[in-house]
Structures are given as structure tokens and as C-alpha cells.
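**Student:** I'll drop the sequence and a predicted model, then ask my questions.
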Amino acid sequence: MINSLILSGNLVQDHEFIYPYYRLLEEKINVDVCLLGGKPVEGILGTRIPPNKEQKIISPSDVNISNYDLLIIPGGAKAMEYLRQDSKIIEIIISFNKDKKIIGSICHGAQLMISANIIKGKKISGYYSIKDDINNAGAEYVDAPSVIDENIITSPHYKYLGNWMSDVIKKCKNEL
């Protein structure tokens, strides 16, 4: 079984959490949700995150990287502003990348990868307004629905959720 971790926080972009969450479940991929404080939060549009009350939530300090094959980082500018300040969140991303585990990031999720200093020399996408940040971090910004560079799969916007998650799931099933 493939085990995934969705890393998120308060004011996440609702679509970018909900769609990957249910797509992974639909594919019979185990999903754990990691949130600061280990408690439910609210998306920027008001959705309860996670949407299922039965969903187990773990805090960043309880994450054991060896338990996971896939990391999903949904976007949301406000959520990323808070998350990127937490050293444990950044350590999780660094560890996933160091172990060459698959990382799927959409929209402003790229900001966490910038803070984790893992994108230098890579081709990635992210929300259009952070193109300069991506380039200044040593990556090459690519404006495409889904960009795959080794273990990192990125997308700029929730209008491309289908393309992005299709690539994430394909990579998981082909490599794991």
C-alpha cells in the first residue's frame, strides 16, 4: 500500500486540499493529514480541513518520514506564510526530498520548498506571483499545468488539479 502525507495549515486553499485528499483515497492510497497543532483547521473558503471528522490528524513533531511514500503540499498564500516559519515543517520537506520520496506541490506550496532550499537546479511551477521567488531560489520557473523534475511534481494553479494529480498518481504507481 502507498502511504501519503498531506502537509497543510489554517487558511489552505480549499480546492488544493480537498481534491488531492479525495483522489488519493479514491486510488486506495492511505492518507494522513499533518496540521500545525494536530487539530482541524479552516480553509480560506471556510471548508473544514480535513473534511472527514474521522480522519486522523498528526502534528509535525509526530511525523515519521519512513512511514510515507508521498508528500502533498497544497497551496494558499496565507497558509504558507505560517507554515514556512515552522522549522519542523521545513525539516519534513527536506527529509522527503533527501530520501527522494515523491513530493507534489501546487500553487503557493512552492514557497515551502523554497524555504526548505530543495529546488535549486530544478524545473518547477508555482503560482504566477511567486515566479521571481522560484527563479531567485535557483530553480527554473515553468508555466505548465504539471511539471515533473525527478521526485518533485508541481502545478501553478487549482485549475490544473486534474493534470497535476494524474501525474502524481502515475508516478506513485510506476515507482512504488
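**Tutor:** Ah, there it is.

**Student:** could you pull up the mean pLDDT of the longest helix seen in the chain?
**Tutor:** The residue-count maximum for a helix in the chain (DSSP state H) belongs to helix 161-175. Averaging pLDDT along helix 161-175 gives 95.

**Student:** same deal with stretch 49-64?
**Tutor:** If you average the pLDDT values across stretch 49-64, you get 94.

**Student:** what of stretch 82-102?
**Tutor:** If you average the pLDDT over stretch 82-102, you get 97.

**Student:** what's the span of it, first residue to last?
**Tutor:** 23 Å (Cα to Cα, to the nearest Å).

**Student:** same thing with stretch 3-17?
**Tutor:** First residue to last in stretch 3-17 (Cα to Cα) measures 16 Å.

**Student:** which parts of it are buried?
**Tutor:** 4-17 (16 or more other Cβ atoms under 10 Å). For the C-beta atoms, the positions are set from N, CA and C on the backbone; glycine is no exception.

**Student:** would you quantify the distance from residue 75 to residue 18?
**Tutor:** 12 Å (Cβ to Cβ, to the nearest Å).
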